[in-house]
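Student: Sequence and predicted model, in that order:
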Amino acid sequence: LRQEPYILDEPRRAVVLRTVREVARHRGWKLWAAHVRTRHVHLVVTAGPRPEKVMVDFKAWASRRLREAFGESHDRDRWTQHGSTRW
């Protein structure tokens, strides 16, 4: 690992969940389920774009909101390079 694992404590989990809802609403995607854990996030979403695009949008917005809320650095790794996506 290049950095220590990123831990989503309760305040960070709240930011991520709020952001997931914001992104889904903004993009017009249907969010069926969301489970934000301390080390990862599970989402069930109906969206038009490919799953990889959906995942990238959620990660990017969540990272931005975490930086804003907690003054974190832009170079802080939060997510795996890819992730699990399924149709």
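Tutor: On my side now, so go ahead.
Student: Ramachandran angles for the residue sitting nearest the centre point of the chain?
Tutor: Compute the mean C-alpha point of the chain, and by CA atoms, centre = their mean the closest residue is residue 59, 3.9 Å away. Main-chain torsions, residue 59, degrees, to the nearest 10: phi -60, psi -40.
Student: Quickly note the distance from it to residue 52.
Tutor: For residue 59, the distance to residue 52 equals 11 Å [CB to CB, to the nearest Å]. Glycine gets a C-beta too; all of them are placed from N, C-alpha and C.
Student: repeat for residue 15
Tutor: For residue 15, the distance to residue 52 - CB to CB - is 23 Å.
Student: just to revisit the earlier point, please identify which helix or strand holds the spatially closest residue to the residue nearest to the centre of the chain that is not a sequence neighbour.
Tutor: Using CB to CB, 6 or more residues apart in numbering and skipping the chain neighbours, the partner closest in space to residue 59 is residue 79 (4.9 Å). Assessed by DSSP states H and E, residue 79 sits outside every helix and strand.
Student: quick one: pLDDT of the residue nearest to the centre of the chain?
Tutor: We have a pLDDT of 95 for residue 59.
Student: Report the contact partners of it.
Tutor: 78-79, 83 (CB atoms under 8 Å, 6 or more residues apart in numbering).
Student: Report the buried members of the residues you listed.
Tutor: Buried members of the contacts of residue 59, scored by 16 or more other CB atoms under 10 Å, are 78-79.
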